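*Asks:* okay, here's the prediction I keep looking at, along with the sequence it came from:
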Amino acid sequence: MTTTDSASEPARRAPGARTLAELDERVSRCRACPRLVAWREEVGRTKRAAFADWDYWARPVPGFGPPDAALAVVGLAPAAHGGNRTGRMFTGDRSGDFLFAALHTVGLANQPTATHRDDGLALRGVRITAPVHCAPPANRPTPGERDTCRPWLERELRLLRPTLRAVVVLGAFGWQAALPALNAAGWAVPRPRPAFGHGVRITLEATDGGAPLRVFGCYHVSQRNTFTGRLTPAVLHDVLGAAAEAAGLLPPPAAPLTPAPEGG
Ligand code: SF4
């Protein structure tokens, strides 16, 4: 395959995936971004000392979660020694520890930890994915890499569309990548596009008259945000809880009881 052929691989191969399992398998073999392919494989060879006995995944990391998810969580990209090591989104790093603990508290994960692909973790109604599927140097994909990878995300969202009712987008990079992908997957995104912000909530109407989609902006679960207290467990819990409720995964909070009149 030539470099030009590789660059167009997502655009050529994503639309033909008929199921999420097929899409995940195709994603995991993608080599469209030369810089990211070189980096993910070099990290897999050189490793971090603490993980010297690991056989790094060192490939694109597909989305994780059931194919009939009602809620999607869209991040940024796998971490070099997290997802790029374990082969599963947010698995094996501090960001994932924070996210999965919150998902477990909300009732959307069967356990609070994620350490490796066979650790028994199961998500309820939630699919976790990213606009860039390969670990980037310094956690910074280029806009070109984001755009090259977009067809995988578009197809994933389109395949989820029959059941998807809400999306939590972690951080500004994910937001900028997710909105065009949501538009391509069948929801109308206003122009100009709504800006990212923590706490921003928008509703996108389906272009075919189907169910609308609720989209929630949230700070990314990166250590820069969680170590500084910008994003706390309670704040993330609130966002995930509201999104899960919008997706129909949790019942709405019970109305406060009206106190009985005194006397009588
Ligand atoms: S970032 Fe996406 S498009 Fe680029 S090589 Fe990885 S999977 Fe392929």
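*Replies:* Here it is on my side, so go on.
*Asks:* all strands of the stretch 51-200 of the chain, in order?
*Replies:* Taking DSSP state E, counting those that start in this stretch as the criterion, the stretch 51-200 of the chain contains strands spanning 71-74, 126-129, 166-170, 187-188.
*Asks:* mind giving me the packing neighbours of the longest one?
*Replies:* Under the contact definition 3 or more Cβ pairs under 8 Å, 6 or more residues apart in numbering; DSSP states H and E, strand 166-170 sits against strand 71-74, helix 172-184, strand 213-218, helix 233-246. C-beta: built from backbone N, CA, C; applies to glycine.
*Asks:* so which of the strands of the stretch 51-200 of the chain comes closest to the ligand?
*Replies:* strand 126-129 (11.4 Å; Cβ to the nearest ligand atom).
*Asks:* coming back round to it: including mean pLDDT and mean neighbour count, could the strands of the stretch 51-200 of the chain go into CSV?
*Replies:* Shown next, in CSV, are the strands of the stretch 51-200 of the chain (pLDDT from 0 to 100; neighbours: other Cβ atoms under 10 Å):
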stretch, mean pLDDT, mean neighbour count
strand 71-74, 98, 29
strand 126-129, 98, 26
strand 166-170, 98, 28
strand 187-188, 98, 18
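*Asks:* as a markdown table, those with distance to the ligand would be great.
*Replies:* Shown next, in a markdown table, are those (distance: least, Cβ to the nearest ligand atom, whole Å):
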| stretch | distance to the ligand |
| --- | --- |
| strand 71-74 | 14 |
| strand 126-129 | 11 |
| strand 166-170 | 17 |
| strand 187-188 | 22 |
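*Asks:* between the ones you listed, which gets nearest to residue 135?
*Replies:* strand 126-129 (14.7 Å; Cβ to Cβ).
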